[in-house]
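Chemist: sequence? don't have it. structure:
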């Protein structure tokens, strides 16, 4: 009976979630945190460190299970597991493993903070995270960002960016996006499609403020229909119009938004392909996408990758990475 009520509880929890999940990392069924903690302790103590055991355990457990392992580890060894892992690992493997010891939201907040803090701004990271997260996720990220760094995300974003780019990111962070409804408002769809055309392709220059308000305040299902309707006004689709109308970080942000509205998993498949286009890999992008999406939709990203690029993500990772870093990424992607 307890199992039935637990299952019903999970069902209820999932009803409010707007975006379906396709995780590649799911809860381990025969889970024993004490046994896992003992395995990790032995792996760390082994001469030369047994990285593969650490990879095998942590990539096959969810964040909440990894937390339980960390508690069990501390209980048995009187040491903090994250500190122990930091001391035992190095390089790209250490980056991934420490990323796995954060929740998806904590990881996102930390990545945003890293892209803002210090000299210069890593616009690419800011764009990827802020333009691809749902309203619900952004609300959580803001909360966790404040808890972790004692700063407001909107103030940090506006203080580190400028112009229309800053205004767009700020509009997204303010989470004013409408929730999807069962009612399709064809009049509003037509009005928004016309407004996007009138503010861009139709005129000399671009009324960016109109684009920002429509793309940051309308629900995703509504916007999908707006972009379809847009074609009846414009000789170009929305992505082509963006490329013609705006440049630089603003262009990248609008394109990321539209791609995520149309097919978020394909957007991330493209990011991964971009990260592994040349010899070697842009590890920062590869690590961030795999770690941040493994409990969200990495399974579907893998499907989109194979469909669009002709070979599996796992095979591409094998061609562009090596050693423990390759093993930990493959562990998170799961089997083909």
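Modeler: Noted; the coordinates are in hand. Computed from a prediction, not measured in an experiment: that's the story for all the values here.

Chemist: Pop the domain breakdown of the chain in here.
Modeler: 27-89, 105-157 (automatic domain parsing).

Chemist: Show me where the chain dips below the pLDDT cut-off.
Modeler: For the chain, the stretches with pLDDT under 70 are 1-18.

Chemist: show me where the stretch 1-150 of the chain has helices.
Modeler: Along the stretch 1-150 of the chain, the stretches classed as helices by DSSP state H, counting those that start in this stretch are 2-15, 33-45, 51-58, 63-77, 81-88, 91-100, 104-116, 123-132, 135-149.

Chemist: Then the stretch 151-300 of the chain?
Modeler: With DSSP H, counting those that start in this stretch as the criterion, the stretch 151-300 of the chain has helices at 153-160, 163-173, 186-198, 208-217, 220-230, 238-245, 248-275, 283-293, 298-309.

Chemist: For these, give me CSV that also has distance to residue 60 and mean neighbour count.
Modeler: All C-beta spots, glycine's among them, are computed from the backbone N, C-alpha and C. Listed next are the helices of the stretch 151-300 of the chain as CSV, based on distance: least, C-beta to C-beta, whole Å; neighbours: other C-beta atoms under 10 Å:
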stretch, distance to residue 60, mean neighbour count
helix 153-160, 32, 17
helix 163-173, 34, 20
helix 186-198, 45, 17
helix 208-217, 38, 19
helix 220-230, 32, 19
helix 238-245, 38, 18
helix 248-275, 21, 20
helix 283-293, 15, 22
helix 298-309, 14, 19
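
Chemist: how about the ones you listed, which one is nearest residue 39?
Modeler: Residue 39 sits nearest to helix 283-293 of all the helices of the stretch 151-300 of the chain, at 21.4 Å, using C-beta to C-beta.

Chemist: got a list of contacts for the closest one?
Modeler: Helix 283-293 is contacted from outside by 92, 95-96, 99-100, 104, 107-108, 111, 124-125, 128-129, 268, 271-272, 274-276, 298, 301, 317, 321, 325, 329, 332-333, using C-beta atoms under 8 Å, 6 or more residues apart in numbering.

Chemist: can you check stretch 227-238 too?
Modeler: Contacts to stretch 227-238, defined as C-beta under 8 Å, 6+ apart, come from residues 189-190, 192-194, 196-197, 200-202, 241, 244, 258, 261-262.

Chemist: from these, which is closest to residue 177?
Modeler: Using C-beta to C-beta, residue 261 is the member of those that lies nearest residue 177, at 10.7 Å.

Chemist: Let me see the contact set for the closest one.
Modeler: So residue 261 contacts 220, 223, 224, 227 (C-beta under 8 Å, 6+ apart).

Chemist: how about a cut-off of 6 Å?
Modeler: For residue 261, the contacting residues are 220, 223, 224, by C-beta atoms under 6 Å, 6 or more residues apart in numbering.

Chemist: Rebuild those as TSV, extending it with distance to residue 59.
Modeler: Converted to TSV, the contacts of residue 261 look like this (distance: C-beta to C-beta, whole Å):
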residue	distance to residue 59
220	31
223	35
224	34
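
Chemist: any idea which of the contacts of stretch 227-238 is the one closest to residue 19?
Modeler: Out of these, the member with the shortest distance to residue 19 (by C-beta to C-beta) is residue 261, at 12.0 Å.

Chemist: what's the burial count for residue 128?
Modeler: Residues within reach of residue 128, counting by other C-beta atoms under 10 Å, total 24.

Chemist: next one: residue 200
Modeler: 23.

Chemist: Check residue 232 too.
Modeler: Using other C-beta under 10 Å, residue 232 is surrounded by 10 other residues.

Chemist: For it, what are phi and psi?
Modeler: Recorded main-chain torsions at residue 232 are phi -80, psi -10, according to degrees, to the nearest 10.

Chemist: and what of residue 31?
Modeler: Dihedral angles (degrees, to the nearest 10) for residue 31: phi -90, psi 130.
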